[in-house]
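Trainee: Curious how this folds, go ahead:
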Amino acid sequence: MSQKAGVTLAEVGFLLILFAGVWLVAAQIPAFKIPVQRTIVAGIALALAGVLLIIATHWGHFGGPS
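Mentor: Numbers count the residues shown, from 1 in each chain. Here you go, the predicted model:
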């Protein structure tokens, strides 16, 4: 995997972390429905982000010397 692909995977991972944070905040607002499902979606997004960041750092050389 090239370093550029690793950087792209890391960017997607960080975007999923941002999405999950916003989704967790939305789950805590009483006016919005289905808080449990929103929390589950946020948890899945965080798990996927973690997997992508692991792949990016291990095989994509993200964060290493260029």
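Trainee: now the closest residue to L46 other than its chain neighbours: how far from A10?
Mentor: Nearest residue to L46 in three dimensions, chain neighbours excluded: A20, at 4.7 Å (C-beta to C-beta, 6 or more residues apart in numbering). From N, CA and C alone the C-beta is placed, and that goes for glycine too. Distance of A20 to A10, given as C-beta to C-beta, to the nearest Å: 15 Å.
Trainee: show me the contacts for the residue lying closest to P35 once chain neighbours are set aside.
Mentor: Counting by C-beta to C-beta, 6+ apart, the nearest residue to P35 once its immediate chain neighbours are dropped is A27, at 4.5 Å. Shown in contact with A27 (C-beta atoms under 8 Å, 6 or more residues apart in numbering): P35, V36, R38, T39, A42.
Trainee: Filter the residues you listed down to just the ones in strands.
Mentor: The members of the contacts of A27 all map outside strands under DSSP state E.
Trainee: Please produce a PyMOL select command covering the buried subset of those.
Mentor: Filtering the contacts of A27 down to the buried ones (16 or more other C-beta atoms under 10 Å) takes a single PyMOL command:
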select buried, resi 38+39+42
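Trainee: Which one of the contacts of A27 is nearest to L48?
Mentor: Within these, the smallest distance to L48 is 10.9 Å, found for A42 (C-beta to C-beta).
Trainee: Spell out which residues sit in contact with the closest one, please.
Mentor: With C-beta under 8 Å, 6+ apart, A42 has these contacts: F19, A20, G21, W23, L24, A27.
Trainee: so where do the helices sit in the chain?
Mentor: 3-27, 35-58 (DSSP state H).
Trainee: Give me the angle between the shortest one and helix 3-27.
Mentor: Computed with axes from the mean of the first three to the mean of the last three C-alpha atoms, to 10 degrees, the direction of helix 35-58 lies at 160 degrees from that of helix 3-27.
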